[in-house]
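**Student:** Using only what follows, build the 3D model:
(one chain, ligands or ions: 1)
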Amino acid sequence: MAKKRFYIANDHAGFKLKLALVNFLETRGYKVTDLGSSSEDAVDYPDYAAKVCKSVLKDRNSLGIAICGTGMGMCIACNKFRKIRAAMVYSEHTARRAVEHNNANIFCFGGRSQSAMEVKEYLSEILKSRFSREVRHGRRNAKIDKLG
Ligand code: RB5
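**Tutor:** Model prediction:
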């Protein structure tokens, strides 16, 4: 299967980390669509969360990355969208589990709380991981889809 495309969006606090992650993914052969913002001028992160969610929902063979200062605002906003499973990733373990158990389709990071070096390690885990075939994880994700 072709490599997944990544859609990536950020607010002002995530701009620098975004640049590092775009470079990281492109040098590994992934196609990346940068949805902005494109500077450190202040913007509202929900606007960029919406952009990345709508893009991921339209493109089945894609994943999203959303970056703000902490990752938390983006994560809260993204999870308002049905069928979006946004995960706040803060370790190699949570990176693996976000894929294996949660089948996350958007990964959230904090430009003011995480270094580019650590986030690249988490992304490496995400790229290596696959959703588990165990029935319980599918069942739990289906229950999430029915909430709200
Ligand atoms: C912006 O100052 C900051 O609130 C935002 O980047 C994010 O951390 C929110 O969760």
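
**Student:** what packs against the lowest-mean-pLDDT helix or strand in the chain?
**Tutor:** Of the helices and strands making up the chain, the lowest-confidence element is helix 135-146, at a mean of 94, by mean pLDDT, DSSP states H and E. Here helix 135-146 touches no other helix or strand, going by 3 or more CB pairs under 8 Å, 6 or more residues apart in numbering; DSSP states H and E. Where you see a C-beta, it was placed from the backbone N, CA and C, and this is true even at glycine.

**Student:** Any idea how far it is from the middle of the chain?
**Tutor:** Offset of helix 135-146 from its chain centre (CA atoms, centre = their mean, to the nearest Å): 20 Å.

**Student:** before we move on, what about stretch 30-40?
**Tutor:** On the basis of CA atoms, centre = their mean, stretch 30-40 sits 13 Å off its chain's mean C-alpha point.

**Student:** these two touch, right, residue 52 and residue 63?
**Tutor:** No. The criterion here is CB atoms under 8 Å, and residue 52 misses it with residue 63 at 9.8 Å.

**Student:** For the two, work out which one has more neighbours and name it.
**Tutor:** The neighbour count for residue 52 versus residue 63, taken as other CB atoms under 10 Å, is higher for residue 52 (32 against 21).

**Student:** Which neighbours do residue 52 and residue 63 have in common?
**Tutor:** 7, 106 (CB atoms under 8 Å, 6 or more residues apart in numbering).

**Student:** Neighbours of the closest residue to residue 127 other than its chain neighbours, how many?
**Tutor:** Among residues not flanking residue 127 along the chain, residue 28 sits closest, at 7.3 Å (CB to CB, 6 or more residues apart in numbering). Using other CB under 10 Å, residue 28 has 11 other residues around it.

**Student:** And for residue 36?
**Tutor:** Neighbour count of residue 36, defined by other CB under 10 Å: 16.

**Student:** now swap in residue 72 and tell me
**Tutor:** 14.

**Student:** pretty sure it is touching residue 111, no?
**Tutor:** No. Applying CB under 8 Å as the test, residue 72 and residue 111 come out as separate, 11.9 Å apart.
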